[in-house]
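Undergrad: coordinates only, no sequence provided:
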Ligand code: HAM
């Protein structure tokens with residue numbers, strides 16, 4: 001039976017990065033990894049798949065991510081999920097690698113895809129790239145300042161201005177408990193006016209109520225108590241110290257006392273970088289300290305702090321600021337032209353010879369005429385055409401045409417690599 005013809009599209013919320021767009025992404029990746037390496041961060045490439053329970057335990061059971069957004073499935077007896085974020089997997093890998101014993105302070109970074117089943121909209125995708133930076137194994141407030149500074153430098157390197165760095169503290173231990181009670185007391189009288197989700201989260205995880213994106217709920221939270229008023233002297237000192245360090249390098253931060261972040265593992269410093277013109281989804285970066293996550297995942301009680309920048313939001317902001325330049329992928333340096341079809345194998349061998357010397361080269365595979373090949377060489381942005389005809393074959397030579405200088409010379413085959421390299425430098 002003949003199968004029905006069907007055309008396939010990438011699933012909703014996913015996308016292909018086509019060659020035309022890769023150069024732009026490489027620019028973001030290049031800036032990210034240069035900045036990270038400059039500060040001693042080493043690249044880690046953790047697993048894309050983890051046990052679901054890792055995220056339930058770290059991100060939190062009563063969070064949007066775990067309740068609604070994970071791509072999860074069962075294989076045998078194991079519940080697995082595509083990672084919705086990078087921190088939990090990096091902390092898991094850090095413990096599994098034995099770093100807490102061998103070298104507890106680890107500055108790590110990762111650039112890669114994350115998966116969340118969100119409603120796709122501008123800047124929100126189901127598969128998206130994050131630049132993730134994590135400094136594990138220390139409680140030193142300078143590390144909080146260092147990662148905030150790194151995030152800010154990333155956007156500055158891209159030429160972006162008008163961004164806001166919003167900071168708050170989530171406290172820790174007792175101050176968090178006292179704050180939670182105060183939030184409950186504040187919300188109780190208006191609970192009925194809240195959305196259903198907020199009502200159901202009130203008892204289970206009251207801080208998530210403050211994170212609701214529903215405009216009418218946001219309105220009800222305007223006058224909510226501020227956690228900074230509940231901090232212990234030590235946690236207040238930590239918060240002030242982070243801001244002092246940032247002020248030391250001229251970095252301005254805004255206190256956003258309503259910020260709670262959407263993930264449960266945070267303690268003390270939390271921050272977001274916003275591009276305010278993007279409205280409700282203006283956060284291009286989010287992060288903070290997660291001092292007990294390593295312990296909660298089976299390691300010792302070491303501190304850690306980090307952030308993740310979403311590339312799609314960053315690109316939207318870059319576009320709106322008119323900062324997306326033309327970043328076309330570089331064409332091959334040499335286009336090989338065969339004057340007749342009998343020279344196919346020669347051209348194939350010559351291309352490999354050039355590539356082995358570090359010169360990128362392509363040739364026609366559509367049986368184009370000589371004229372059409374020359375046209376392709378001229379219009380494709382290549383620097384050189386290397387033309388091989390029967391006479392050149394006889395003489396053991398090739399015609400090297402510099403398409404930029406519009407000069408053509410015949411060279412022996414064993415000279416041509418050097419000629420290209422010479423001309424490249426000139
Ligand atoms: P997050 O706030 O969930 O934090 O995500 C960080 C950033 O990733 C967001 O500010 C946003 O730019 C981007 N992002 C999140 N979801 C999507 C999406 N569906 N589509 C496009 N971009 C998205 C975290 O993920 C934490 N792991 C950050 C962290 C690292 N905290 C400590 N270390």
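TA: Noted; the coordinates are in hand. Because the structure is a prediction, the values reported are computed rather than measured.

Undergrad: run through the stretch 301-426 of the chain and note the low-pLDDT ranges.
TA: Low-confidence regions of the stretch 301-426 of the chain, defined by pLDDT under 70, span residues 327, 426.

Undergrad: repeat that for the stretch 1-150 of the chain.
TA: Counting by pLDDT under 70, the ranges of the stretch 1-150 of the chain that qualify are 1-2.

Undergrad: show me which residues of it sit near the ligand.
TA: For the stretch 1-150 of the chain, the residues in contact with the ligand (Cβ under 6 Å from any ligand atom) are 85, 86, 87, 116, 118, 123, 124, 125, 128, 130, 132, 134. (C-beta placed from N, C-alpha, C; glycine too.)

Undergrad: what's the closest non-adjacent residue to residue 334?
TA: When the adjacent residues along the chain are set aside, residue 334 lies closest to residue 361, with 4.2 Å between them (Cβ to Cβ, 6 or more residues apart in numbering).

Undergrad: distance check, that neighbour against residue 297.
TA: Distance, residue 361 to residue 297, using Cβ to Cβ, to the nearest Å: 50 Å.

Undergrad: more neighbours, the two?
TA: For the pair residue 361 and residue 297, the greater number of neighbours falls to residue 361 (21 against 17), based on other Cβ atoms under 10 Å.

Undergrad: got phi/psi on that one?
TA: Dihedral angles of residue 361 (phi, psi; degrees, to the nearest 10) stand at phi -150, psi 140.

Undergrad: report the beta-bridge partners for the residue in the stretch 301-426 of the chain that the ligand sits nearest to.
TA: With Cβ to the nearest ligand atom, the shortest gap between the stretch 301-426 of the chain and the ligand falls at residue 310, namely 2.5 Å. In this structure, residue 310 has beta-bridge partners residue 130, where bridges are defined by DSSP bridges.

Undergrad: burial count for it?
TA: 21.

Undergrad: my read is that it contacts residue 118, right?
TA: No - with contact defined as Cβ atoms under 8 Å, residue 310 does not reach residue 118; the gap is 11.6 Å.

Undergrad: contacting residues around residue 252?
TA: Applying Cβ atoms under 8 Å, 6 or more residues apart in numbering to residue 252 gives the contacts 165, 246.

Undergrad: so it: helix, strand or coil?
TA: coil (DSSP: H, G, I helix; E, B strand; the rest coil).

Undergrad: next: residue 423.
TA: Secondary structure assignment for residue 423 (three-state DSSP): helix.

Undergrad: can you confirm residue 287 is in a strand?
TA: Yes - residue assignment for residue 287, taken from three-state DSSP, places it within a strand.

Undergrad: in contact with it, which residues?
TA: Shown here is residue 287, whose contacts under the criterion Cβ under 8 Å, 6+ apart are 133, 147, 148, 151, 270, 271, 272, 305, 306, 307, 308.

Undergrad: now residue 56
TA: Residues in contact with residue 56 (Cβ under 8 Å, 6+ apart) are residue 66.

Undergrad: and the next element down the chain from the one helix or strand it maps to?
TA: Element membership for residue 56 (DSSP states H and E) is helix 52-58. Sequence-wise, the next helix or strand beyond helix 52-58 is helix 64, with elements assigned using DSSP H and E.

Undergrad: got a list of contacts for stretch 30-47?
TA: Counting contacts by Cβ under 8 Å, 6+ apart, the residues outside stretch 30-47 that touch it are 83, 86, 89-90, 92-93, 106-112, 131, 133, 135, 146, 150, 153-154, 157-158, 309.

Undergrad: at 6 Å what do you get?
TA: For stretch 30-47, the surrounding residues in contact (Cβ atoms under 6 Å, 6 or more residues apart in numbering) are 89-90, 93, 107-111, 131, 150, 153-154, 157.

Undergrad: tell me the bridge partners for residue 397.
TA: Listed beta-bridge partners, residue 397: residue 412 (assigned using DSSP bridges).

Undergrad: quick one on the thing from earlier: same list (the contacts of stretch 30-47) but as CSV, adding secondary structure.
TA: Converted to CSV, the contacts of stretch 30-47 look like this (three-state DSSP):
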residue, secondary structure
89, helix
90, helix
93, helix
107, strand
108, strand
109, strand
110, strand
111, strand
131, strand
150, helix
153, helix
154, helix
157, helix
